[in-house]
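> take a look and give me a structure for this.
(chains A, B and C)
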Amino acid sequence: MKFFNHLTFGQYVPSESLVHSLDPRCKIISVLVLLTGIFVVKHPAVFALWGVLLGCITAAARLPFRLVLRSAKPVLILVLFTASIHIFFTEGDPLLQVGFIRITRQGLVMAAYMGLRLLFLVLFASFLTLTTRPMELADGLERLFSPFVRFGFPAHELAMMMTIALRFIPTLLDETDRIMRAQLARGASFDRGGLWKRLKAFLPVLIPLFVIVFQRAEDLAVAMEARCYRGGAGRTRMYPLCWEKKDTAALGAVLTLVVLLVIGDRRLFF
Amino acid sequence: MSIKAVNLGHTYHPGTPLETCALKNISFEFDRGTWFSVAGHTGSGKSTLAQHLNGLLLPMEGQVWVDGMEVKEKSRSLQEIRRKVGLVFQYPEQQLFAETVYDEIAFAPRNWGVPENEIPQRVNLAMEQAGLEKNCLKRSPFNLSGGEKRKAAIASVLSSVPDYLVLDEPTAGLDSYSRKELTSLLVRLRSEGMGILLVTHDLDIALQFSDSILVLQGGTQVVWKKPQAVLEHLQANPVPGLKLPDIAQLSAALREKGKNVPLTWQWKCLKTALFGEK
Amino acid sequence: MHQKTVCELRDVTYVYPGGASDDSGTPRPALRNVSFSVYEGEWLALLGSNGSGKSTLAKHLNALLVPTQGDCVVHGMSTKEEKNTFLIRSLVAMVFQNPENQIVGTVVEEDTAFGPENQGIPPEEIEARVETALKVTGLIGKRKKPTYTLSGGEKQRLAVAGALAMETPCLVLDEPTAMLDPTGRDDLLTVLGNLHAAGKTIVSITHRLEEILRCDRAVVLHAGEVVWEGSISALFLTNGSFREWGLDTPPLAAFWRDLQSENRIDLPSIPSIPGLVDALCQ
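Numbers count the residues shown, from 1 in each chain, chains lettered A, B, ... in the order given. Below is the predicted model:
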């Protein structure tokens, strides 16, 4: 039994698929385009098409469908919460009334809309982390933001910070697990008493965790310096990003699809 | 008065693709006032085993008994078992959190509900046992030296007044002076009637101090015997990842060449066998 | 035997800013008038107990720390001049104690490439270097694996691979085996032995004397000062001050010293186990 499990965090899943081999910049822009599409499109029929598209990308990325679905697990509560707000607080034709609680037809429709939108949003976004190595993702972001560097935007630094944060998530989860066990062995308990007592019980976990994080950060900084790191200037890459025809094709396909859907949606809706 | 495991088994993530059998059919018993070592390679299941002895992990197969109380879920005695069996994790100094060393050591007895007026006595005793200087009490545990931090961490477990002390690689990262200090502390605790369980990948230290040794490999029990018998067993049936001490290898090689020497890990013993008393 | 100097410390004193002071309030130096050289192609053991200043000293060798007094010269360049720093780090690589805290990449090959990428090496050459480094350290099969799936010993070998990929002539390792199990320790020492045989200059910093039997030379540090310098065998024969230095003679060395001093065997330098067996069976 472990308190945490790193597989639930939508982390990179290696595979030799087409989606994996695309340029990270292509994937970032495509996902942005798809997310915009999800927010603009209103017709219910289109949601079915999103579902089909999701299935196609999953197949092209050679990922098990369950794994993709699982990456939405952490935000499921948020989805349900948004949906229920819409169920209970939308005005319209009442379908059911129990005391002061009233459920309307419009409310149900809105709830389904918002819930599904949020769900698709997370699922499409998770392709980015599932199929792109963190270092690649960071490289992609760095390159996309590089035009803003001349205005003082720290593109390289942000990208490096992101890589390191992603690299340390599994380590810190293990560490937290270990400290919790050690404190349990000293008689601490994390599941008794009221909320305040429980929060207080976490101090003996949080303080050592902070100490470890700072120690690690310092050690890592020294180790990076020892390996000739001095910021982004003069750095080369083992696998430099290289925009190929397939990237143009993939991005073109996504753009065309979304634009068609938006136009079709406007026609159907109005 | 003993800790006993009967056919103990444990599987991580049962029923998922990550299913791994960590322990299978482990049986042993050791009394208070003895030193019992669990030796094995990384991943042999020795840390999993240690966590079963005070109920941090519960047996999935078989049983664990502490002084006649069974370790099982929702048992009233589970808290009592955790108090009785002190567990010192690897790099225990990494769990320190309190403002002062005093509060650090007082953490456990306060958790067990010891009245506040008895706490100073508990803290003092634990410090003395761990060999920590009195002037450390008011200092922050984070400002101690490496060796002192480890002692403070051990004192913070001893303050529960455990009857058994389970330690996972307690000498890792210590230099030879601190290592000797720590082993002599454990020898003293044993002579005062505490049961010591040492989890280690280092056969040298296990052979030198233990009353009995259990060797694990891939979650299964290889041998559970007295040190000399364990050495003989391992020499005849090597376990990958468990290196015999240099002197043991040397004496084994000499025996193979027909020399009349015993299989031993102590160089003085080997020298006497080769050249007689001097 | 050795001529060319790789690193030279001249009378180095180092005081940590805001570090510990003695009773009179004057700051206590972590290193005090330390002088010694590292020669090309040798495997040097830098020994000392915890707190002897050996890690501080290690960090001087590639300009992570700069002497408060005295000078540290690497390939003729003083570490005091900031313009030399980058070049010096391309000549002396370092591996630290905790393997977990020096891995930058999330995938094995990515982490190995980090150093050469910083050095500005062209992509094809980085790939070739990464491949060689992973082969030498026995990690080539794990090339595409996430770093968190490696064992402790593998992580430390990855750290060595990252240093090798920088193709520095000298490698400094600060207690690289402290957090490893015996298998991880043996595997790492084998890798170091091979590198040494291939001509790399290696500085191993440790308090475990079992690990230095294959080294060429030892420098012992105690309370910030160099207290002994010489061959490994000579070190084990000077039994006297070991306790004071906080070091421990490994049983095999103690056995050999005892037999040697009683003229039971004639092996002037410390033998391996097979060597000792042969001598005893004659």
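
> quick one: residues contacting A:Ile85.
A:Ala111 (C-beta atoms under 8 Å, 6 or more residues apart in numbering or on different chains). Using the backbone N, CA and C atoms, a C-beta is placed for each residue, glycine as well.

> where's it relative to A:Met114, distance?
Per C-beta to C-beta, to the nearest Å, A:Ile85 is found 8 Å from A:Met114.

> helix, strand, or coil at B:Asn260?
With DSSP: H, G, I helix; E, B strand; the rest coil as the basis, B:Asn260 sits in coil.

> need the contact list for it.
B:Ala273.

> so it versus B:Ser251, what's the distance?
From B:Asn260 to B:Ser251 the distance is 11 Å (C-beta to C-beta).

> looking at the chain, which helix is longest?
I went with chain A, as the question did not name one. Taking DSSP state H as the criterion, chain A has its longest helix at helix A:155-185.

> actually it's chain C I care about, not the one you picked
Scanning chain C for the longest helix, with DSSP H as the assignment, gives helix C:182-197.

> check the average confidence over the helix or strand following that one, would you?
Next in sequence after helix C:182-197, counting helices and strands by DSSP states H and E, comes strand C:201-206. The average pLDDT for strand C:201-206 rounds to 95.

> so which bits of the longest helix of chain C are buried?
Neighbour-count burial for helix C:182-197, with 16 or more other C-beta atoms under 10 Å in any protein chain shown as criterion, is recorded at C:Pro182, C:Thr183, C:Gly184, C:Arg185, C:Asp186, C:Asp187, C:Leu188, C:Leu189, C:Val191, C:Leu192, C:Leu195, C:His196.

> and the fourth one, what is it in contact with?
It refers to C:Arg185. Taking C-beta under 8 Å, 6+ apart, one finds C:Gly153, C:Thr177, C:Glu211 in contact with C:Arg185.

> mind checking which of the residues you listed are buried?
The buried subset of the contacts of C:Arg185 (16+ other C-beta under 10 Å) comprises C:Gly153, C:Thr177, C:Glu211.

> now tabulate the residues you listed in a markdown table and tack on distance to B:Ala206, pLDDT and secondary structure.
Supplementary listing: the buried ones among the contacts of C:Arg185 in a markdown table, determined by distance: C-beta to C-beta, whole Å; pLDDT from 0 to 100; DSSP: H, G, I helix; E, B strand; the rest coil:
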| residue | distance to B:Ala206 | pLDDT | secondary structure |
| --- | --- | --- | --- |
| C:Gly153 | 20 | 88 | helix |
| C:Thr177 | 19 | 90 | coil |
| C:Glu211 | 20 | 88 | helix |
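
> how near is the closest residue to B:Phe89 other than its chain neighbours to A:Arg70?
Of all residues not flanking B:Phe89 in the chain, A:Ala182 sits nearest, at 4.6 Å (C-beta to C-beta, 6 or more residues apart in numbering or on different chains). Separation of A:Ala182 from A:Arg70 (C-beta to C-beta): 30 Å.

> who's more crowded, the two?
Comparing A:Ala182 with A:Arg70 by other C-beta atoms under 10 Å in any protein chain shown, the one with more neighbours is A:Ala182, at 26 against 14.

> my read: the more buried one touches B:Gly86, true?
No. The criterion here is C-beta atoms under 8 Å, and A:Ala182 misses it with B:Gly86 at 11.3 Å.

> what comes up buried for stretch B:201-212?
Applying a neighbour-count criterion of 16+ other C-beta under 10 Å, one finds B:His201, B:Asp202, B:Leu203, B:Asp204, B:Ile205, B:Ala206, B:Leu207, B:Phe209, B:Ser210, B:Asp211, B:Ser212 buried in stretch B:201-212.

> which among those gets closest to chain A?
The closest of these to chain A turns out to be B:His201 (C-beta to the nearest C-beta; 17.7 Å).

> what about the nearest residue in space to the closest one that is not next to it in sequence, how many neighbours?
In space, and not counting its chain neighbours, B:His201 is closest to C:Asp181: 4.4 Å by C-beta to C-beta, 6+ apart. Using other C-beta under 10 Å, the number of residues around C:Asp181 comes to 24.

> ok, C:Asp181 - contacts?
B:His41, B:Thr42, B:His201, B:Gly241, C:Gly152, C:Gly153.

> state the distance from the first one to C:Phe96.
The reference is to B:His41. From B:His41 to C:Phe96 the distance is 24 Å (C-beta to C-beta).

> of those two, give the one with the bigger neighbour count.
C:Phe96 (25 against 21).

> which residues in the stretch 51-200 of chain A form strands?
A:94-98, A:101-104 (DSSP state E, counting those that start in this stretch).

> try chain B
Using DSSP state E, the strands of chain B run over B:2-12, B:20-31, B:35-40, B:61-66, B:69-70, B:85-88, B:164-168, B:195-200, B:212-217, B:220-225.

> between the strand or helix carrying A:Ala217 and helix A:155-185, how big is the angle?
Element membership for A:Ala217 (DSSP H and E) is helix A:203-226. Between helix A:203-226 and helix A:155-185, the angle comes out at 140 degrees (axes from the mean of the first three to the mean of the last three C-alpha atoms, to 10 degrees).
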